[in-house]
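S.K.: Using only what follows, build the 3D model:
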Amino acid sequence: MRVWARLLSFIAVAATTFAGGAIAAPAFHSSAGDLNVETVARGLVHPWSLAFLPDGRMLVTERPGRMRIVAHDGKLSPPVAGVPKVFAQSQAGLLDVALDRDYEKNATIYFCYNADGSSNVAVVRARLSDDEKPRLDDLKIIFRQKGPPSPGALNVACRIAQAADGNLFVSLGDHFRPSKDAQNLSDDIGKIVRIRPDGSVPPGNPFAGKADARPEIWSYGHRNAEGLAFNPADGKLWEQEHGPMGGDEINIIEKGKNYGWPLVSYGVNYDGTPVGRGKTHQAGTEQPVWHWTPSIAPSGMAFYDGKLFPAWRGSLFNGALKFELLSRLTLQDDKVVKEERLLQGLHERIRDVREGPDGAIYLLTDNSRGRILRVVPAK
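M.R.: Numbers count the residues shown, from 1 in each chain. Next up, the predicted model:
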C-alpha cells in the first residue's frame, strides 16, 4: 500500500514538482497536438539508460560508470556504491539497466557494462538498497560475452528485456569487427542471447546441445542493437539496430533466426563500398520490419501503452542520435504503416526512451550535460 500511495503521489505532482518547472518553448507540433518538453533532471554525464522504481523515482546509468537515483524533485543521488569498474571509452561503458519483474519483492536489478578493458559485455545481477546512501549488494556477474576480445569500443550494443517467464534477453554488438563473427554461432558477437536470471541457459534455446554453437544464442546476424522491447499487445520481442551508412533496422526477433549482418544490408560501408555482395535480400535471412536510410542512428525503444496520448497507444517510439529526434512508428499487423518525426527542433541526441508511470514519454539526452526530459501535451 505504501508503494501505491507513493506512486499516486508521484503522478499527481509530476507536472510541477518532478519537471522542475523547466519547459521548452515554443511547443513542438505533433499529430496528437502540441507538445511541451520539460526538464526533469540535469547534470548527468552521457546518461545511457533509465528505469522507473515502483514509487516513480528513476534509476539512471551514466556511461562513464556511475548509477544514480533521481528523486521526484529532480535531485540526483550520490553515485550508487558498489558499481564495478567499467571500461569507459568511446561507445563503451556502463550501459542498460532493468528492474526485475518482482523488484518490489526482491529489489533485484540487472545491468550491463563493458569489462576487462575491451568491448566484451558483462551482465550483472544485484540488489539495490535505495536509501539516502544508495548501494548495490550481492553483485554477481551472471553472463560474459564470449568471443574474441576487441580493444576497440564501438558497436557494443547491450539492451536487456525480461520476458513474462522471467528469462532475460540481452543484445550484444558486433564490435565493428570486419569479420563475419555475427554469423558465427561459436561466439556471442552480434547476437541476442536468452538466459535465466541466474545466467544459466533455459530449456528451449535453439542452439543448445549443438556442436560448435553457444547454447545461450537466441538469434544472430545483428550489428549493434540499442533497442529491445516486448510489445505489450502480443508479447513479441522487437529489436532496433544501427546499420552502417543507411540500413538502421527494426526487427521482430524470433527463435533461431538469422537477421543477416554482414551478409545483407540496406546500407553501405562508411567508405562507400557495398556491405557483403551489396544485397538487401538473401535466402535464410530475415527482412527488417522497417529500415531507415539514411541512418538516424537509433537508440532507445519503447512501446506506448499509456493514457496521456490516447491517439498514440500501440505506437513504437525510437530515439535518434544522429538526426536528434524522436521517431514514432504506427504499427498494423506487425508492419510499420507510417512514421512521424517529433522534436526535430530540440537539437538533442536521444539515447533512451521510456514510458513513465504517469503516461508521459521520458527521454535521456546523450552528452556531457545530459538531461532527463518529460514529453507531455501542451496546455
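
S.K.: Test my guess that residue 88 contacts residue 64.
M.R.: Yes. Between residue 88 and residue 64 a contact is recorded at 4.7 Å, counting by Cβ atoms under 8 Å. Where C-beta positions appear, they are placed from N, C-alpha and C, glycine not excepted.

S.K.: Neighbour count for the two, which is higher?
M.R.: residue 88 (19 against 14; other Cβ atoms under 10 Å).

S.K.: quick one, what contacts the more buried one?
M.R.: 63-65, 94, 114 (Cβ atoms under 8 Å, 6 or more residues apart in numbering).

S.K.: Need the max-distance pair from those.
M.R.: Within those, 64 and 114 form the most distant pair, 11.4 Å apart (Cβ to Cβ).

S.K.: For these two, list the residues in contact with both.
M.R.: 86, 88, 93.

S.K.: how about the residues you listed in CSV, adding distance to residue 325?
M.R.: Formatted as CSV, those follow (distance: Cβ to Cβ, whole Å):
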residue, distance to residue 325
86, 29
88, 27
93, 24
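
S.K.: so is residue 104 in a helix, a strand, or just coil?
M.R.: Assigned by DSSP: H, G, I helix; E, B strand; the rest coil, the conformation of residue 104 is helix.

S.K.: excluding its backbone neighbours, what's nearest it?
M.R.: residue 54 (5.3 Å; Cβ to Cβ, 6 or more residues apart in numbering).

S.K.: residue ranges with poor pLDDT in the chain?
M.R.: When residues are selected by pLDDT under 70, those of the chain lie in 1-26.

S.K.: where exactly do the helices run in it?
M.R.: Ranges of helices in the chain, per DSSP state H, are 2-13, 103-106.

S.K.: these two touch, right, the residue nearest to residue 104 and residue 105?
M.R.: No. In this structure, residue 54 is not within contact of residue 105 by Cβ under 8 Å, at 10.5 Å.

S.K.: These two: which has the busier surroundings?
M.R.: residue 54 (15 against 8).

S.K.: That one and residue 111: what is the separation?
M.R.: As judged by Cβ to Cβ, to the nearest Å, residue 54 and residue 111 stand 18 Å apart.

S.K.: picking up where we left off before, spit out the residues that contact residue 88 and residue 64 alike.
M.R.: Taking Cβ under 8 Å, 6+ apart as the criterion, residue 88 and residue 64 both touch residue 94.

S.K.: The residue in the chain sticking out farthest from the centre and residue 195, how far apart?
M.R.: Residue farthest from the centre of the chain, counting by Cα atoms, centre = their mean, is residue 211 at 31.6 Å. Between residue 211 and residue 195 the computed distance is 21 Å (Cβ to Cβ).

S.K.: for residue 307, same thing?
M.R.: For residue 307, the distance to residue 195 - Cβ to Cβ - is 34 Å.

S.K.: my guess is residue 154 contacts residue 90, does it?
M.R.: Yes. The criterion here is Cβ under 8 Å, and residue 154 meets it with residue 90 at 6.2 Å.

S.K.: the more surrounded of those two?
M.R.: The neighbour count for residue 154 versus residue 90, taken as other Cβ under 10 Å, is higher for residue 154 (17 against 14).

S.K.: Skipping its backbone neighbours, what lies nearest the more buried one in space?
M.R.: In space, residue 154 is closest to residue 176, 3.9 Å off (Cβ to Cβ, 6+ apart).

S.K.: Could you pull up phi and psi at that neighbour?
M.R.: Per-residue torsions, residue 176: phi 60, psi 30 (degrees, to the nearest 10).

S.K.: Provide a list of residues in contact with it.
M.R.: 150, 152, 154-155, 224.

S.K.: Please apply the same query to residue 272.
M.R.: Residue 272 sits in contact with residue 245, where contact means Cβ under 8 Å, 6+ apart.

S.K.: State the distance from it to residue 266.
M.R.: Distance, residue 272 to residue 266, by Cβ to Cβ: 15 Å.

S.K.: same thing with residue 165?
M.R.: Look at residue 165 and residue 266: by Cβ to Cβ, they are 33 Å apart.

S.K.: I'd like to know how many residues surround the nearest residue to residue 311 once chain neighbours are set aside.
M.R.: Nearest residue to residue 311, sequence neighbours excluded (Cβ to Cβ, 6+ apart): residue 32, at 4.9 Å. Neighbour count for residue 32, taken as other Cβ under 10 Å: 16.

S.K.: Residue 309 is in contact with residue 32, correct?
M.R.: Yes. Counting by Cβ under 8 Å, residue 309 is a contact partner of residue 32 at 5.0 Å.

S.K.: between these two, what contacts are shared?
M.R.: residue 377.

S.K.: ok, back up a step: quick one: which of residue 307 and residue 195 has more around it?
M.R.: residue 195 (20 against 8).

S.K.: Show the contacting residues for that one.
M.R.: Per Cβ under 8 Å, 6+ apart, neighbours of residue 195: 123, 142-143, 167-168, 170, 201-202, 216.
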